[in-house]
Structure formats: structure tokens, C-alpha cells
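> just need the structure, nothing else, for what follows:
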Amino acid sequence: MKNVKNVISVLVNDQSGVLSRISGLFSRRGFNIDSITVGPAEEVGLSRMTIVVRGDEPTVEQVMKQLHKLIDVIKVINITHEPNVTRELALIKVMVTANTRPEVLNLIEPFRASVVDVSRNSLIVQVVGDESKITAMLELLRPYGIKEVARTGVVSLLRGTTTKDS
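Purely as a prediction, here's the structure:
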């Protein structure tokens, strides 16, 4: 049994306590959530959660069945093996000097990252992409001195014009 990363999309009613009940379900099953993001969905009154969790297929299926049973859960889809678009945003505060500032600016260009704040001794770089792109950017900036990092967590949607019913 493989312990693989699964991306689960959950459509829920926008009600207080829903996030707590869902994260509690994962906790009771002994799952560590790698990433969880929540935001308004396409319909007023609904929110979309994107949850990244590691586990084998039978265990993740069981958790998904339990998610379906929760009040306020409308739809649950494991989109791991479906064509999808997955992104994450990271803000990285990196130390710079007059000499290293041009190096850092040249370094971030191929990543299509942007500078969103400038001070005398630091830059805040914004990068959007999949996990490997964010990790690569962090590794390249590390030698300059990373002071802070904030990451949004994964958001993901199925590709194409239709949604997958579960």
C-alpha cells in the first residue's frame, strides 16, 4: 500500500464550525493534513476546501465516505488522478544588499515571480505555482538569507468545462 499525496476537493455550506468538524475527522483518523485551504465557491453560501493529505487509496476512500456523512458537506472529490490545475502562492522575505539585489532580481525572473515589497535590506518575493516551483524558488533564495516565508496552501480545480460528480 502506497502512502501517496491526495488532493481532495470538498464543497461545503458556508457555516461556522464546518472547518473544525472536517479537520477533526482527519485528526481522529490519524491523518496529518499537509495543506488545507478554504474560500468562497462559485455559488453564494458555499465554500470550497482543498485538502492535501497522504494515505493509501483504501484509507483515503474511507475518509471521503465519512466526509460525505457530515452535515454541510455537499460534494467530495479526490482529484489526485484527474486532470487538474493546482497552484500555491508563497511570499518570501529575502535579505539583500546593494550588490545582491540585482542577483536576486535576475534569479526570480525565470520563475515569473514578482517583487511586491522593497526595503533597504530586503525584498518580498511573490511566487505562484505548484509545490515543486515554490520549493525550487526557496532553495535558490536560501543562500541570500530567507527571513520569513508565508504559503497559502494548495488550491485546485478540475480541468475542462465539466465537474466530476461523486
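> just checking: what are the partner strands of whichever strand or helix holds residue 54?
Using DSSP states H and E, residue 54 maps to strand 46-55. Partner strands for strand 46-55, per DSSP bridges, with pairing direction: strand 4-13 (antiparallel), strand 33-40 (antiparallel).
> among those, which comes closest to residue 134?
strand 33-40 (11.3 Å; CB to CB). C-betas here are computed from N, CA, C, even on glycine.
> gap between the residue nearest to residue 130 when sequence neighbours are not counted and residue 115?
Once flanking residues are discounted, residue 130 sits nearest to residue 86: 5.7 Å by CB to CB, 6 or more residues apart in numbering. To residue 115, residue 86 is 24 Å away according to CB to CB, to the nearest Å.
> for residue 30, same thing?
42 Å.
> quick check: buried residues in whichever helix or strand residue 60 is part of?
Following DSSP H and E, the helix or strand that holds residue 60 is helix 57-69. Within helix 57-69, the residues that count as buried by 16 or more other CB atoms under 10 Å are 59, 60, 63, 64, 66, 67.
> of those, closest to residue 161?
So of the buried residues of helix 57-69, ranked by how close each gets to residue 161 (CB to CB), first place is residue 64, at 24.1 Å.
> isn't that closest one up against residue 79?
No: proximity of residue 64 to residue 79 does not meet the contact threshold set by CB atoms under 8 Å, at 11.3 Å.
> any common contacting residues for those two?
The contact sets of residue 64 and residue 79 overlap at residue 8 (CB atoms under 8 Å, 6 or more residues apart in numbering).
> give the buried residues for stretch 10-17.
Those would be 10, 11, 12, 14, for stretch 10-17 by 16+ other CB under 10 Å.
> quick one: contacts for the residue nearest to residue 130?
Contacts for residue 86 were tallied using CB under 8 Å, 6+ apart; they are 7, 130, 154, 155, 156.
> ok, which stretches of this structure are strands?
All strands of the chain, identified by DSSP state E, fall at 4-13, 33-40, 46-55, 73-78, 84-95, 114-118, 122-129, 146-151, 155-158.
> can I get those strands in JSON lines with mean pLDDT and distance to residue 26?
Shown next, in JSON lines, are the strands of the chain (pLDDT from 0 to 100; distance: least, CB to CB, whole Å):
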{"stretch": "strand 4-13", "mean pLDDT": "94", "distance to residue 26": "10"}
{"stretch": "strand 33-40", "mean pLDDT": "94", "distance to residue 26": "5"}
{"stretch": "strand 46-55", "mean pLDDT": "94", "distance to residue 26": "7"}
{"stretch": "strand 73-78", "mean pLDDT": "96", "distance to residue 26": "13"}
{"stretch": "strand 84-95", "mean pLDDT": "96", "distance to residue 26": "19"}
{"stretch": "strand 114-118", "mean pLDDT": "98", "distance to residue 26": "33"}
{"stretch": "strand 122-129", "mean pLDDT": "97", "distance to residue 26": "26"}
{"stretch": "strand 146-151", "mean pLDDT": "98", "distance to residue 26": "19"}
{"stretch": "strand 155-158", "mean pLDDT": "94", "distance to residue 26": "17"}
